[in-house]
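In: Please work out how this folds:
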Amino acid sequence: MSKPLLLIVEPELIKNVLSRDFPYFTSHGMHVDEEKDPISGNLFSLDGEKWKNMRIKLTPTFTSGKIKMMYNGILTCGEPMVDHVKNIATQGQPMNAKEVLACFTTDVIGSSAFGIDCNSFKDPDADFRKYGRKLFEITWKAAFARFLGIIIPRFRRLGIEQDVQQFFVDSFTKIVELRESGNFKRNDFVQLMLDINQKAEATGSKDGLKLGQMLAQSVMFFGAGFETSSTTMTFCLHELAHNIAIQQRLREEINATMQKYDGKLTYDAIIEMKYLNMVLDETLRKYPPASMISRVCTKDYEIEGTGVTIETGTEVFVSILGLHRDPEYFPDPEKFDPERFSHENKSNIRSFTYLPFGEGPRICIGLRFGVIQAKVGLCLLLKNFIFTPHESMKYNMEIHKNSQILSFQEDLLLNVKKVS
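Out: Numbering: from 1, shown residues only. Next up, the predicted model:
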């Protein structure tokens, strides 16, 4: 409206804003009111020292070792998905990829973040699936709040409906009370946060997390984890259905690698799959879940060698989708080509032109978990099924114009055939 916004496109300047000169651009410009809106106190929304302290506390919970502890839980959530798709294939019906993968990620995140068995495939209207949908539903109220929040930041908190917020508050409170009242433990995000508190209590430090803070991080983990991973896998299956040779090569790698691990999809097997990495990297290039990064300048910053000053309070944007589809950095950008990310070619990608998870100190803290979740889902599906485009679907599908996470406007229908 009446205030300036800066869109930066030069990779070197992007590097300065996101990483080298990060102290000038620490804020996302979100309004936080932890009393009236507990969920707003999540890591993504926090700024300054509050963000720094929370990041330090949470970083150890997202290490490779901690993700490995959660791995079997992720794998278990894939079993009902495979059974569900087998039924679809047997009946000769098209698979709604978007819905199937959203059910899978809801089960994974519900289990990993809250320690809850959501059973989304048995009960698509279960509470966590229902409120997971509503968390990203584009209602007129959410759209208006987002528009109003550009002008008056404190109105951004209206984006989450009250019943959605209350559901997560009530659910999380019960879960924590259950954990604290007995000896029940589970390898999930809730337990990792409770362990932080136990350690703080044992050492007499003030590094523990309050109930509201734990709630905020869990809801952030749930929302970010289930929607971004499900849409990424949806986009990936869309491309693989239209690129059968790539799909078959990836299936061969999955089968060959699993054979080395006694036919099991182990954590180590997943990590070893190089072509899977390439396919997923290319999916994230063409379809980055967050199409844009925003930062707010927190103190006057002079752009080196220009004499131009970015004033305090100015919002700075980086178009991830713009970078990823720029032919200067990625020739023939509309083509789905995993070879861009081969060992030989990956080093040629210019720094700070590939940013699917952001970059710098505020890079997505849960990226390892999101990637593992997507790899497990794709491996389970591709090992068991062959996907081809449904006749009603076209290759260049329309992108949803109002979604916070990049996604197709319509459901993605795919033909499914069991691997013989």
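
In: Can you find the helix or strand in the protein with the smallest mean pLDDT?
Out: helix 140-151 (a mean of 61; mean pLDDT, DSSP states H and E).

In: Can you name every helix or strand that whichever helix or strand comes after that one contacts?
Out: Following helix 140-151 in sequence order, the next helix or strand is helix 162-181 (DSSP states H and E). Packing partners of helix 162-181 (3 or more CB pairs under 8 Å, 6 or more residues apart in numbering; DSSP states H and E): helix 127-135, helix 189-203, helix 211-242. Where you see a C-beta, it was placed from the backbone N, CA and C, and this is true even at glycine.

In: hang on, residue 294 in a strand?
Out: Yes - Residue 294 forms part of a strand when assessed by DSSP: H, G, I helix; E, B strand; the rest coil.

In: I figured it hits residue 315, correct?
Out: Yes - Residue 294 is in contact with residue 315 according to CB atoms under 8 Å; the separation is 6.0 Å.

In: which residues do those two both contact?
Out: residue 29 (CB atoms under 8 Å, 6 or more residues apart in numbering).

In: So the two - more neighbours on which side?
Out: The neighbour comparison of residue 294 against residue 315 (other CB atoms under 10 Å) goes to residue 315, with 18 against 15.

In: Now residue 116: closest residue in space that isn't a chain neighbour?
Out: residue 110 (4.6 Å; CB to CB, 6 or more residues apart in numbering).

In: That neighbour: how many residues sit nearby?
Out: Neighbours of residue 110 under the rule other CB under 10 Å: 26.

In: separation between it and residue 162?
Out: 21 Å (CB to CB, to the nearest Å).

In: Quick check: nearest residue in space to the spatially most central residue of the chain, chain neighbours excluded?
Out: By CA atoms, centre = their mean, the chain has its centre lying nearest to residue 228, at 3.6 Å. Excluding its sequence neighbours, the residue lying closest to residue 228 (CB to CB, 6+ apart) is residue 289, at 4.0 Å.

In: Would you enumerate the residues in contact with that neighbour?
Out: Counting by CB under 8 Å, 6+ apart, residue 289 has contacts 227, 228, 231, 232, 356, 405, 406.

In: next one: residue 212
Out: 34, 38, 41.

In: try residue 23
Out: 298, 299 are the contacts of residue 23 under CB under 8 Å, 6+ apart.

In: Flag the shaky bits of the stretch 151-300 of the chain, pLDDT-wise.
Out: 151-160, 183 (pLDDT under 70).

In: mind redoing it with 80?
Out: 151-165, 180-187, 206-207, 223-226 (pLDDT under 80).

In: What ranges does the stretch 301-420 of the chain have for its helices?
Out: In the stretch 301-420 of the chain, the segments counted as helices under DSSP state H, counting those that start in this stretch are 320-324, 343-346, 367-384.

In: Looking at those helices, spot the one closest to residue 249.
Out: helix 367-384 (10.5 Å; CB to CB).

In: elements contacting the closest one?
Out: Using 3+ CB pairs under 8 Å, 6+ apart, helix 367-384 sits against helix 64-91, helix 97-109, helix 211-242, helix 244-260, helix 267-272, helix 274-286.

In: next one: the helix or strand hosting residue 52 to chain centre, how far?
Out: Element membership for residue 52, per DSSP H and E: helix 48-58. Computed by CA atoms, centre = their mean, to the nearest Å, the chain-centroid distance of helix 48-58 equals 20 Å.

In: for stretch 248-260, same thing?
Out: The answer for stretch 248-260 is 26 Å, by CA atoms, centre = their mean.

In: For residue 299, give me its contacts.
Out: For residue 299, the contact set (CB under 8 Å, 6+ apart) comprises 23, 24, 312.

In: again, only using 6 Å
Out: Contacts of residue 299 were listed using CB atoms under 6 Å, 6 or more residues apart in numbering, and they are 24, 312.

In: Give me the phi and psi for it.
Out: The phi and psi torsions at residue 299 (degrees, to the nearest 10) take the values phi -160, psi 150.

In: Wait, residue 97 touches residue 234, no?
Out: Yes - the pair formed by residue 97 and residue 234 meets the contact definition of CB atoms under 6 Å, at 5.0 Å.

In: out of these two, which sits in the more crowded spot?
Out: residue 97 (27 against 23).

In: mind listing what's buried in stretch 312-323?
Out: 314, 315, 316, 317, 318, 319, 320, 321, 323 (16 or more other CB atoms under 10 Å).

In: Local confidence estimate at the residue sitting furthest away from the middle of the chain?
Out: Most distant from the centre of the chain: residue 307, at 37.8 Å, with distances by CA atoms, centre = their mean. For residue 307, the model assigns a pLDDT of 89.

In: could you measure it against residue 227, distance?
Out: 42 Å.
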